[in-house]
Structure formats: C-alpha cells, structure tokens
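K.L.:
No letters, just coordinates:
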C-alpha cells in the first residue's frame with residue numbers, strides 16, 4: 001500500500017486510456033497537481049460545448065436549419081453573460097480574460113463536433129435521442145456522470161457519453177452513443193465502449209443494452225453489446241487507473257513502460273530506458289523524416 005493515501009482520483013476515459021497505454025507514463029504525469037479532474041482544454045471542452053450548443057439550437061429553432069458555427073457562437077455569448085454549467089463558467093472566464101485564441105480553438109472543436117454529430121445521427125435529431133449536457137433542459141439529459149464508491153470517497157468515476165437513446169429505466173431499452181469526430185484505433189474504440197458501459201452502469205445503477213461508437217470522418221458505426229465480458233473489461237480499465245495512482249505513491253520503476261510516439265512528450269522520458277531506446281530508434285522518425 002501507499003505510504004500516504006492517494007486523494008482526488010478522477011477516473012475518466014482519458015485517464016483510463018493513458019493508464020492502459022503506458023502505466024509508467026501515467027504514474028509520472030501526476031506530478032504535484034495530482035490526478036484530479038484535469039481541467040478544461042479546447043479539445044476536452046469541444047464535445048461539452050458542442051452538445052450544449054446543439055441542445056440550445058434545438059430548443060430555440062426546433063428543426064430549423066442548423067449552422068454549427070452560429071449555434072456555438074450563440075451559446076458562447078449566452079455563457080459569457082450568464083454561465084449555467086461548469087464548462088460554461090470556464091468559457092465565461094476565458095471571455096473575461098480576453099483569451100480569444102483559446103475561445104476560438106474551443107469554438108472550432110465544438111463546431112466540428114456538431115457537424116459530425118448531425119451527419120452521423122441525421123437532422124433533425126431522432127426523437128428517442130437525448131443529448132448529454134451539464135445543463136439538462138427539454139432537449140438534453142442532465143447526466144449522473146460521476147460515481148463514487150462511498151460518501152466522501154477519494155475515487156470519482158466519470159461517465160462521458162454524448163447521447164442516450166431511449167428512456168433510462170429498469171423496464172426500458174436504452175443505449176449510449178459516443179461520437180468521435182476522427183477515427184481512433186480499433187482497440188481504442190473497443191476500450192472506450194467498455195469503459196462507458198461500466199462507468200455508465202455505475203452512474204445509473206442500470207446496465208445499458210448497447211454502446212454505439214459513431215465516427216464522423218469515416219461514417220462508421222460500431223455497436224458493442226453490453227454483456228458481462230464488456231463490463232469486466234470496463235472495470236479493468238477503471239481499476240487500473242486507481243491501481244497506478246496508488247503505485248505512484250511508492251518507489252516504482254519503468255519495467256511496464258510501453259514506448260510510443262507519446263514518449264516525445266512524456267515527463268519521465270529522460271529517466272525511462274525503454275523510452276530512450278525508442279526515441280533514439282523508431283522515435284527519431286516522423287512522417288519519414290528524422291526528428292531533430
């Protein structure tokens with residue numbers, strides 16, 4: 001066990017991906033900031049802003065013409081005046097600080113998200129579909145996105161689908177929808193489905209029928225039936241994050257390092273033998289050209 005108990009462990013999909021990809025890199029990345037919610041960034045905020053802006057557009061314009069950039073701009077203006085969600089407060093802070101570059105990056109990501117989502121689901125949106133937003137509302141669902149194993153527990157597991165299809169109830173049939181603007185690897189898709197199946201079940205207390213992962217740039221839809229095997233894989237991903245957080249409290253080595261292009265940005269690359277070997281070999285090349 002750790003010499004000092006870990007605290008504030010935020011288990012989201014990004015943390016699960018990093019812990020599964022290279023445990024050593026995940027342990028090294030915590031630093032003094034800990035492993036809590038990583039904070040908003042343009043990429044992380046893009047989907048949240050996109051869902052909220054699309055829900056606002058449906059509420060105001062119904063099935064009217066959808067212009068993704070204008071929908072995002074209208075939502076950003078509303079949040080700058082009166083934020084109603086955590087990501088809205090973050091956007092309002094950016095507006096007050098005059099950080100136009102980060103606002104533009106967030107708006108671009110959200111606009112792309114809306115365009116891809118409408119392409120994948122069709123427009124107008126299907127009747128049984130509810131967008132997952134922090135604000136809820138008539139066209140969005142306020143999602144119980146976080147689950148803790150006990151009151152005051154240091155571990156927080158966050159579910160982050162983009163929409164729910166069907167009514168979430170013990171007698172209903174319902175699916176989770178995850179929208180990806182770009183194609184990830186097949187393994188990442190399967191693990192994302194497993195993570196959302198487990199995290200969503202923990203959040204709601206009810207298992208979903210399927211997790212559907214839709215990818216905008218290829219038009220592909222992959223369906224994953226929620227069964228004991230998928231839930232078990234999702235639990236493995238969740239537990240791995242907590243386990244690596246605990247291990248990071250003690251002395252550890254790099255025997256479980258998994259070299260990849262991420263080594264170029266790893267905070268522990270100077271101390272990792274496997275990473276240094278990769279950087280001096282395959283890692284020297286990027287797009288057929290040596291990295292200098």
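P.N.:
Okay, I see it. None of these values were measured; they are calculated from a predicted model. Numbering: from 1, shown residues only.
K.L.:
The helix or strand containing residue 189 packs against which elements?
P.N.:
Assessed by DSSP states H and E, residue 189 sits inside helix 186-204. Using 3 or more C-beta pairs under 8 Å, 6 or more residues apart in numbering; DSSP states H and E as the contact test, the elements touching helix 186-204 are helix 13-21, strand 146-147, strand 155-158, strand 175-180, strand 210-215, strand 220-225, helix 228-247. Backbone N, C-alpha and C define where each C-beta goes, glycine included.
K.L.:
try 7 Å
P.N.:
The helices and strands touching helix 186-204, judged by 3 or more C-beta pairs under 7 Å, 6 or more residues apart in numbering; DSSP states H and E, are helix 13-21, strand 146-147, strand 155-158, strand 175-180, strand 210-215, helix 228-247.
K.L.:
most tightly surrounded among the ones you listed?
P.N.:
Highest mean neighbour count of the helices and strands packed on helix 186-204: strand 175-180, a mean of 23 (counted as mean count of other C-beta atoms under 10 Å).
K.L.:
Could I get the average pLDDT for that strand?
P.N.:
For strand 175-180, mean pLDDT is 91.
K.L.:
quick revisit: quick check: angle from the helix holding residue 189 to helix 228-247?
P.N.:
Put simply, helix 186-204 runs at 90 degrees to helix 228-247, going by axes from the mean of the first three to the mean of the last three C-alpha atoms, to 10 degrees.
K.L.:
what about the helices in the stretch 51-200 of the chain?
P.N.:
Per DSSP state H, counting those that start in this stretch, the stretch 51-200 of the chain carries helices over the ranges 68-81, 86-97, 100-121, 186-204.
K.L.:
what about residue 150, how many neighbours?
P.N.:
Neighbour count for residue 150, taken as other C-beta atoms under 10 Å: 7.
K.L.:
In the stretch 151-292 of the chain, where is pLDDT below threshold?
P.N.:
For the stretch 151-292 of the chain, applying pLDDT under 70 flags the ranges 182-187, 287-292.
K.L.:
now with 50?
P.N.:
Counting by pLDDT under 50, not a single residue of the stretch 151-292 of the chain qualifies.
K.L.:
related to what we said a few turns ago, can you list the helices and strands packed on helix 186-204 in CSV and add distance to residue 271?
P.N.:
What follows is these, written out as CSV (distance: least, C-beta to C-beta, whole Å):
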stretch, distance to residue 271
helix 13-21, 18
strand 146-147, 34
strand 155-158, 28
strand 175-180, 34
strand 210-215, 36
helix 228-247, 16
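K.L.:
quick one: low-confidence ranges for the stretch 1-150 of the chain?
P.N.:
Within the stretch 1-150 of the chain, the segments meeting pLDDT under 50 span 1-3.
K.L.:
go again using 80 as the cut-off
P.N.:
For the stretch 1-150 of the chain, applying pLDDT under 80 flags the ranges 1-8, 29-38, 42-43, 135-145.
K.L.:
Can you give me the buried ones in the helix holding residue 189?
P.N.:
Of all the residues in helix 186-204, those buried under the rule 16 or more other C-beta atoms under 10 Å are 188-204.
K.L.:
still on that earlier bit, to residue 168, which of the helices and strands packed on helix 186-204 lies closest?
P.N.:
Taking C-beta to C-beta, strand 175-180 is the member of the helices and strands packed on helix 186-204 nearest to residue 168, at 9.7 Å.
K.L.:
and that closest one, what other elements does it pack with?
P.N.:
By 3+ C-beta pairs under 7 Å, 6+ apart, strand 175-180 packs against helix 100-121, strand 163-165, helix 186-204, strand 210-215.
K.L.:
List the strands paired with it, with their directions.
P.N.:
Sheet pairing of strand 175-180 (DSSP bridges) gives strand 163-165 (antiparallel), strand 210-215 (parallel).
K.L.:
what's in contact with the last one?
P.N.:
Just to be clear, that refers to strand 210-215. Under the criterion C-beta atoms under 7 Å, 6 or more residues apart in numbering, residues 120, 175-180, 183, 189, 192-193, 196-197, 221-226 lie in contact with strand 210-215.
K.L.:
returning to that earlier point: could you single out the most deeply buried of the helices of the stretch 51-200 of the chain?
P.N.:
Across the helices of the stretch 51-200 of the chain, averaging neighbours per residue (mean count of other C-beta under 10 Å) puts helix 186-204 on top, at a mean of 21.
K.L.:
Can you list the neighbours in contact with that one?
P.N.:
The contact list for helix 186-204 (C-beta under 7 Å, 6+ apart) reads 13, 16-17, 20, 144-147, 157-159, 161, 168, 176, 178, 207-208, 211, 213, 222, 224, 226, 230-231, 233-235, 237-238.
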